[in-house]
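coords please:
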Amino acid sequence: MDIHEYQAKELLAQHGVPIPRGKVVYTPAEAAQAATELGSELWAVKAQIHAGGRGKAGGVRLCKTPHEVSKVAEALLGTTLVTHQTGPEGKIVERLYIEVAEPFEREIYLGFVLDRKTQRIRIIASAQGGMEIEDIVKTHPEAVLQVEVEPAVGLQSFQARELAFGLGGLTLKQVHQFVALTLGCYRAFRDLDASMAEINPLVVTREGRLVALDGKMSFDDNALFRHPELHEMHDPAQEDPPRGTGTPAWTELCGLERRYRLYHQRCRVGHGHHGHDQVCRWRTRQFSRRRWRRIPGTCGRSFPPGSVRP
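Numbers count the residues shown, from 1 in each chain. Modelled structure (predicted):
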């Protein structure tokens, strides 16, 4: 399950990651009011969709006045934003994030991913932030730093310091900030059962502070029953439609799948794995109306439930 940028930032901020001040809005009037309440001289209006490359597609714009923020919000809301990750069909912008734009001097990439081959959490960092990690690997593979986390002990401070020193150009104070920020990201990744967490870019402001300018998180659907607070962050409108969409049958199946999936998760929260399994079997019709069971010592014969007590 993916979430929006502002939701990922809220989760990271709860674990000690510094983020800029911002508010989510749904109308141009709310956008102007949010800019006034935030109180800055420069704001960033960001379209909230589950895709990267929003800046290149015109989904991130800088504004100098609340009136300009309102005009940009009116131009973005309800439009279809097409990026290299959405495909030609694009995604509809239904909400915006108004954020205080702080001048910065440097961009850094920081990402956490679950490496299924080694069964470890892998931390990836690069001094060339603001770019897709795939592009960095292709053009400058030597600029990519990686650290594997041992599950038995977790991320250690010396590992985060190695990444900070490997990035180069950070002062001693900024190294301490980077270590605290990286440990906070790791705790959020581990405690929330995330499958991916990315801060791109992590910027160094003119005052020397490290701030997460952008954030992205994805979670394992099989572990959502342990985090009911994440259900409220789910946005079905941003899900990719299945292949063959366009017919009423596919549309109906897509809606039923989403509804049953959320129902399964609620049953797992209330009843554990047993309740979840029963619901899955019931919804998928994997057992008949009369369930038969085999009783030891009956020469292989089966009896209906309740007829013979073992």
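
what sits against the most centrally placed residue in the chain?
For the chain, the residue nearest the mean C-alpha position is Met217 (2.1 Å; C-alpha atoms, centre = their mean). By C-beta atoms under 8 Å, 6 or more residues apart in numbering, Met217 lies in contact with 2-3, 7-8, 11-12, 188, 192, 194, 196-198. Yep, even glycine has a C-beta here, placed from its N, CA and C like the rest.

Go ahead and confirm Glu74 touches Val25.
No: the criterion here is C-beta atoms under 8 Å, and Glu74 misses it with Val25 at 11.3 Å.

Enumerate every residue touching Ala44.
60-63, 98-101.

Sorry, wrong one. I was asking about Ala143.
Taking C-beta under 8 Å, 6+ apart as the test, what Ala143 contacts is 126-128, 136.

on that earlier part again, closest to Ala152 among the contacts of Ala44?
Glu99 (38.5 Å; C-beta to C-beta).

what's the closest non-adjacent residue to the closest one?
The shortest distance from Glu99 to any non-neighbouring residue, by C-beta to C-beta, 6 or more residues apart in numbering, is to Gly22 (3.5 Å).

just Arg106 next, same as before
Val204 (4.2 Å).

Please, which helix or strand holds the one you found?
Following DSSP states H and E, the helix or strand that holds Val204 is strand 194-205.

in its sheet, what does that strand sit against?
strand 104-115 (antiparallel), strand 210-212 (antiparallel), strand 216-219 (antiparallel) (DSSP bridges).

so what's Leu62 bridging to?
Ala44.

correct me, but it touches Trp43?
Yes: with contact defined as C-beta under 8 Å, Leu62 reaches Trp43; the gap is 7.2 Å.

ok, these two, which is more surrounded?
Shown here are Leu62 and Trp43; by other C-beta atoms under 10 Å, Trp43 has more neighbours (26 against 12).

can you pull the contacts of the more buried one?
35, 62-64, 69, 98-101 are the contacts of Trp43 under C-beta under 8 Å, 6+ apart.

Swap in 10 Å and give it another go.
20, 22, 31, 34-36, 61-66, 68-69, 72, 98-101 (C-beta atoms under 10 Å, 6 or more residues apart in numbering).

Buried subset of these as a ChimeraX selection?
Command for ChimeraX that selects the buried part of the contacts of Trp43, burial taken from 16 or more other C-beta atoms under 10 Å:
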select :20,22,31,34,35,61,63,66,68,69,72,98,99,100,101
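
Filter the contacts of Trp43 down to the ones in helices?
Of the contacts of Trp43, the ones assigned to helices by DSSP state H are 31, 34-36, 66, 68-69, 72.

Point out where the stretch 201-310 of the chain drops to low pLDDT.
For the stretch 201-310 of the chain, applying pLDDT under 70 flags the ranges 240-310.
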